[in-house]
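In: here is a sequence with its predicted model. Questions after.
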Amino acid sequence: GDQVEQSPSALSLHEGTGSALRCNFTTTMRAVQWFRKNSRGSLINLFYLASGTKENGRLKSAFDSKERYSTLHIRDAQLEDSGTYFCAAEGPGSFNKLTFGAGTRLAVCP
Amino acid sequence: NSKVIQTPRYLVKGQGQKAKMRCIPEKGHPVVFWYQQNKNNEFKFLINFQNQEVLQQIDMTEKRFSAECPSNSPCSLEIQSSEAGDSALYLCASGTGGPNERLFFGHGTKLSVL
């Protein structure tokens, strides 16, 4: 079946710094979504990309279907960015059914 | 961010008991998904609907779960006979079903099977 490999599994950042999360796909995906699970357990939808890049505040995401990867860049990390980040990809013809990565646990420290 | 409402927030059942959870999708969203997230954060797709019709479901869901999305009522997912391995967070998501559309998740129902 479709596989989504997400890295790193855990990440620690100091406030004000940045980093990137990555998902590699074993097959061609039609689109990708990125989510953050916050301390309350809510799964917040950050981005939907069918191609190219999108930016929202301090977050920027890219998706390359041909090269089979997506990235999520976080810059100027804040304490409230802490949480677990998931990428989730749609295979062709999957009617929005998502295959999730294993998640990246991000801790932002003062 | 999300207006998907799931109840109850927590559910505790004994093995062999039925376990029923409900989901009200965002208004105007005809597509509903159910996912199971285990303690290792792994997501498993269970079933999806468009309006009242089942689009896809996995074998486990077909055999052990009862799910529906009736018109003008909450969607529901019910395990007919709970097993310890069913302990997980059950997430409902809704969307418009169109191309380039995001899915929005509820807070989930955390099921513990004792």
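Out: Now that the structure is in, tell me what you want to look at. Quantities reported herein were computed from a predicted structural model and do not represent experimental measurements. Numbering: from 1, shown residues only, chains lettered A, B, ... in the order given.
In: in chain B, what helix or strand scores lowest on average pLDDT?
Out: Least confident helix or strand of chain B, by mean pLDDT, DSSP states H and E, is helix B:59-64 with a mean of 87.
In: chain center to that one: distance?
Out: The chain centroid and the centroid of helix B:59-64 are separated by 13 Å under CA atoms, centre = their mean, to the nearest Å.
In: what's around the nearest residue to B:Val12 once chain neighbours are set aside, how many residues?
Out: Nearest residue to B:Val12, sequence neighbours excluded (CB to CB, 6 or more residues apart in numbering or on different chains): B:Ser112, at 4.9 Å. (C-beta placed from N, C-alpha, C; glycine too.) By the measure other CB atoms under 10 Å in any protein chain shown, the count of residues near B:Ser112 is 14.
In: what's the distance between A:Gly57 and chain B?
Out: When distance is defined by CB to the nearest CB, to the nearest Å, A:Gly57 is 14 Å away from chain B.
In: assess the claim that A:Phe86 and A:Arg105 are in contact.
Out: No. Applying CB atoms under 8 Å as the test, A:Phe86 and A:Arg105 come out as separate, 10.5 Å apart.
In: quick revisit: would you indicate which residues of the least confident helix or strand of chain B are buried?
Out: Across helix B:59-64, burial judged by 16 or more other CB atoms under 10 Å in any protein chain shown covers B:Thr61.
In: quick one: strands adjacent to whatever helix or strand comes next after that helix?
Out: Next along the chain after helix B:59-64, taking DSSP states H and E as the criterion, comes strand B:65-68. Using DSSP bridges, the strands paired with strand B:65-68 are strand B:75-79 (antiparallel).
In: sheet partners, orientation included, of the helix or strand following the partner strand?
Out: Next along the chain after strand B:75-79, taking DSSP H and E as the criterion, comes strand B:88-95. The strands beside strand B:88-95 in its sheet (DSSP bridges) come out as strand B:31-37 (antiparallel), strand B:104-105 (antiparallel), strand B:109-113 (antiparallel).
In: which residues does A:Ser82 contact?
Out: Residues counted as contacts of A:Ser82 (CB atoms under 8 Å, 6 or more residues apart in numbering or on different chains) are A:Ser39, A:Leu106, A:Ala107, A:Val108.
In: distance check, the nearest residue to the second one once chain neighbours are set aside against chain B.
Out: Spatial nearest neighbour of A:Leu106, chain neighbours left out: A:Leu11 (5.0 Å); criterion: CB to CB, 6+ apart. In this structure, A:Leu11 and chain B are 15 Å apart, going by CB to the nearest CB.
In: try A:Tyr48
Out: Separation of A:Tyr48 from chain B (CB to the nearest CB): 4 Å.
In: need the contact list for B:Gly16.
Out: Contacts of B:Gly16 (CB under 8 Å, 6+ apart): B:Ser81, B:Ser82.
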